[in-house]
Every structure is written in C-alpha cells, then in structure tokens.
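Colleague: Turn this into a model:
(chains A and B)
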Protein chains: 2
Amino acid sequence: MNERTRARRPGGRSARVGAEVHRAVTDLINERGYGNFTVGDIAARAGVADSSIYRRWGSLETLLGDVALTRLNAQSPMPDTGSLAGDLRTYAANVAREITGPDGLALLRLSVALSSTGHQGLRARDDLLAERARQLQSMLDRAIDRGERAPDALGVLDHILAPMYIRVLLGIGPLTPDYVDGLVDRLL
Amino acid sequence: MNERTRARRPGGRSARVGAEVHRAVTDLINERGYGNFTVGDIAARAGVADSSIYRRWGSLETLLGDVALTRLNAQSPMPDTGSLAGDLRTYAANVAREITGPDGLALLRLSVALSSTGHQGLRARDDLLAERARQLQSMLDRAIDRGERAPDALGVLDHILAPMYIRVLLGIGPLTPDYVDGLVDRLL
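Modeller: Predicted coordinates:
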C-alpha cells in the first residue's frame, strides 16, 4: 500500500489514534492529576507524534474537552421509567456510579478544571454543560407532560448533582444508595 | 549588618518572602489555571530563588495547601447572631462573597484540585476541610445548646455550600442574595 492509498483511507488508523490518545489522557489525569502533564506526555503515552495531536485537536484544552464530552456521551441514555421519582432515582444512581467509577474523579476534575483554560476550554466546557442540561430538561419535560410537578434543571443541579460532585471531589465518604435516594426524595 | 546578624533576624524578610510567594501563587492560579505553572514560575514571579521555595515548603503541593489554608484562616470568624437562621444566612453570604471575590475561584479550584496531588496535597486538603468542619460544627452546636433544631454539618455542605461551589466552578450565573438565602431557608 503506497502513501496515496493510505491517505485515502484514514478511518481505521484515525479512530485507533483517537482512542489511544483519549486513553492516554484519562490515564494521565488519574495518575498525575489534571494539569500535571503536557501534550508531549500524552503523545509519548499514546505512541504518536506531538504534531499529530496539535494537528487534530489544536490545543491541550480542546483535547481535554473532547475527552470529557466523549465520555459523557458514551453514558447510558437518560432513564424513562414512567414517573419522575423513578427517573430521578435512576438518573442519580447512574451519576453516582459514573463519578465514583474508575475514571469518574478524572472526569469530574476535567469538568471543573476546563473553565480555567481559556476560550477553547470554556467552549468545550459549555458544550458539555449544554448537553447535560438538554438531556436533563427532556426528562423533566416528560414529567410535566404527564401532569407531574417537577423541579427545574438548576434545582436538580443544586440538590442532587452538586452534593454528589462535591463529596467526590473532596473525597468525603461513599455515595451509598440510601444517601443518593435521600437526595432525590428531599428535592421532590 | 553582617551575615550572622541577618541570620538571627529572619522574621521581616521571611514574612515578606512568604507574602510575595503567596501572592505569586494566587496570581498564577487566576491567570493560567491550577496546574499550569511550576515552582520555577512562582519563584520568578515572586523574585526569589527556586531553592528558597523548596527549602521552605518542600513541594509545590505543600505550598498550594499553605496558600489555601492561609486564605481560609484569614476569613472573618463564624457569625454568632443569636439564631441559627441568622448565623447560616450570614455564613452563606460570607462564603458566597468569598468564592465570587477576586481570588475566590482560584481558592475553590485549589480546594478540589488538592486531592489529586498525592500525600502532601491530601494532608493539606484534609487540614483545610477539618478546619472548616470544626468552625461550622461549633456554630451548629451553639444552636443546639439554645434548644434549636439544627442540621448536621454534612447537610450544610450538601445543600448550602455544594450548590454555591458547583455554580461558581461551572461558571453558572451570579450568587444573588435571594438565591443564597433560599438555600438556607430550604435547609431549615
């Protein structure tokens, strides 16, 4: 296969490089903490050239945002159990599992760190927030369509997501099912 | 003044260096975001030698923890207004002002970032959390001594502090007095 043929079929290699680079970012966040590695470190870990990363993502911030967004969108779809209490309990349990899972802390740190990294970081963060808000709002809208009283999305952020996020970020205790259900019951 | 005399009176210079280094850290967090600077950057900004920083703080993590703790302890004492509602409203308003102030976001990022920086970082973070929890608990204890019903400290963390922290970290809207009072009223 000559260079010309390779250039016309980049899909397989491109996807493989993307996956390797994403994995390298997640590993480095877990091992060193956000901010303690460079594009060079990522490239070395992923076995690609620095220039490949800059060509594809433009900057470290854009790459980090891409990793966070990809991970977020890979999560299971929002629950649709037929009642708001059921939806919120399932949603809260999913979030708790996600943020206490192997890469959960890294993902959380990325979300709060992104806002400090300038314009591209901000845009990636805002994309991430908008996507989360959109998914949540459609769940709340279904409850309202059924005639249920529903809190607004910011109420869910303040009293279900924020307590779980902060406890994980500060390393305070496990998020037990009773604790997570309790947050939902309290809001409703 | 010979070297011997200087060595016996390090107080003035030591305090000045400490203040310069603390200011350099806060500036760099605000300008570049947590993790995007080194001990060398701090030293250059503060006009001291790298070795002075390592000699005094041992590591970047310990220095960052010291900055956060110093800032925290410089805050006004916990309120004592005679009622739990008054105390919590004043406390919540103080926290809101602190975290939305010029260095507030930097302090918040430092608090959540510290947990990723290994043992010394963790110890600094735990010291910071323990000090906050101790101050808060004494305020709640006073309410209980007066015969009031009081939430526990984790309830205050979950439903007053966490929503404000997450909104500031994610850059969501201002923390208006109505919003902050609402968090307190909701908890009580």
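Colleague: is it true that residue A:181 touches residue A:90?
Modeller: No - assessed by Cβ atoms under 8 Å, residue A:181 is found out of contact with residue A:90, at 10.5 Å. No exception for glycine: its C-beta is placed from N, CA and C like everyone else's.
Colleague: Endpoints of stretch A:31-40, how far apart?
Modeller: Using Cα to Cα, to the nearest Å, the gap from the first to the last residue of stretch A:31-40 comes to 16 Å.
Colleague: what's the average pLDDT for that stretch?
Modeller: Per-region confidence: stretch A:31-40 scores 80 on mean pLDDT.
Colleague: and what of stretch A:167-183?
Modeller: Here the average pLDDT along stretch A:167-183 is 91.
Colleague: does any part of stretch A:102-110 sit near chain B?
Modeller: Yes - applying Cβ under 8 Å from any Cβ of the partner chain, one finds stretch A:102-110 touching chain B at A:105, A:109.
Colleague: how about that stretch: buried residues?
Modeller: Across stretch A:102-110, burial judged by 16 or more other Cβ atoms under 10 Å in any protein chain shown covers A:103, A:104, A:105, A:106, A:107, A:108, A:109, A:110.
Colleague: now it: mean pLDDT?
Modeller: Computed over stretch A:102-110, the average pLDDT equals 74.
Colleague: distance between that stretch and the chain's centre?
Modeller: 8 Å (Cα atoms, centre = their mean, to the nearest Å).
Colleague: Same question for stretch A:47-56.
Modeller: Counting by Cα atoms, centre = their mean, stretch A:47-56 comes out at 23 Å from the chain centroid.
Colleague: in it, what counts as buried?
Modeller: Quick answer for stretch A:47-56 (16+ other Cβ under 10 Å): A:48, A:53.
Colleague: hmm, who's touching it?
Modeller: A:17, A:18, A:20, A:21, A:39, A:40, A:42, A:43, A:63 (Cβ atoms under 8 Å, 6 or more residues apart in numbering or on different chains).
Colleague: The last one in helix, strand or coil?
Modeller: Classification of residue A:63 into helix, strand or coil gives helix, according to DSSP: H, G, I helix; E, B strand; the rest coil.
Colleague: number of nearby residues for the closest residue to it other than its chain neighbours?
Modeller: Distances taken as Cβ to Cβ, 6 or more residues apart in numbering or on different chains place residue A:57 nearest to residue A:63, at 4.0 Å, with adjacent residues excluded. By other Cβ atoms under 10 Å in any protein chain shown, the residues close to residue A:57 number 20.
Colleague: and residue A:57, what pLDDT?
Modeller: For residue A:57, the model assigns a pLDDT of 83.
Colleague: distance of residue A:131 from chain B?
Modeller: 13 Å (Cβ to the nearest Cβ, to the nearest Å).
Colleague: Which of the helices or strands spans that residue?
Modeller: Using DSSP states H and E, residue A:131 sits in helix A:118-145.
Colleague: circling back: want to throw the contacts of stretch A:47-56 into JSON lines with distance to residue B:188, neighbour count and secondary structure?
Modeller: Output for the contacts of stretch A:47-56, formatted as JSON lines (distance: Cβ to Cβ, whole Å; neighbours: other Cβ atoms under 10 Å in any protein chain shown; DSSP: H, G, I helix; E, B strand; the rest coil):
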{"residue": "A:17", "distance to residue B:188": "54", "neighbour count": "17", "secondary structure": "helix"}
{"residue": "A:18", "distance to residue B:188": "50", "neighbour count": "15", "secondary structure": "helix"}
{"residue": "A:20", "distance to residue B:188": "52", "neighbour count": "15", "secondary structure": "helix"}
{"residue": "A:21", "distance to residue B:188": "49", "neighbour count": "24", "secondary structure": "helix"}
{"residue": "A:39", "distance to residue B:188": "49", "neighbour count": "16", "secondary structure": "helix"}
{"residue": "A:40", "distance to residue B:188": "52", "neighbour count": "11", "secondary structure": "helix"}
{"residue": "A:42", "distance to residue B:188": "48", "neighbour count": "24", "secondary structure": "helix"}
{"residue": "A:43", "distance to residue B:188": "53", "neighbour count": "18", "secondary structure": "helix"}
{"residue": "A:63", "distance to residue B:188": "45", "neighbour count": "22", "secondary structure": "helix"}
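Colleague: Looking at those residues, which is nearest chain B?
Modeller: The nearest member of those to chain B, counting by Cβ to the nearest Cβ, is residue A:39 at 12.6 Å.
Colleague: who's in contact with the closest one?
Modeller: A:50, A:53, A:54, A:60, A:63.
Colleague: ok, back up a step: next secondary structure after the helix holding residue A:131?
Modeller: helix A:153-156.
Colleague: any chance you could map the helices in chain A?
Modeller: Taking DSSP state H to define them, one finds helices in chain A at A:3-8, A:11-32, A:39-46, A:50-57, A:60-73, A:84-100, A:104-113, A:118-145, A:153-156, A:162-170, A:177-187.
Colleague: quick one: average confidence on the first one?
Modeller: Here the mean pLDDT over helix A:3-8 is 43, rounded to a whole number.
Colleague: The longest one now?
Modeller: Regarding helix A:118-145, the rounded mean pLDDT is 77.
Colleague: The fifth one now?
Modeller: The average of the pLDDT scores along helix A:60-73 is 74.
Colleague: between that helix and helix A:84-100, what angle do the directions make?
Modeller: Using axes from the mean of the first three to the mean of the last three Cα atoms, to 10 degrees, the direction of helix A:60-73 lies 140 degrees away from that of helix A:84-100.
Colleague: Where do the domain boundaries of chain A fall?
Modeller: Taking automatic domain parsing as the reference, chain A has its domains at A:12-58, A:68-187.
Colleague: I am finished for the moment; much appreciated.
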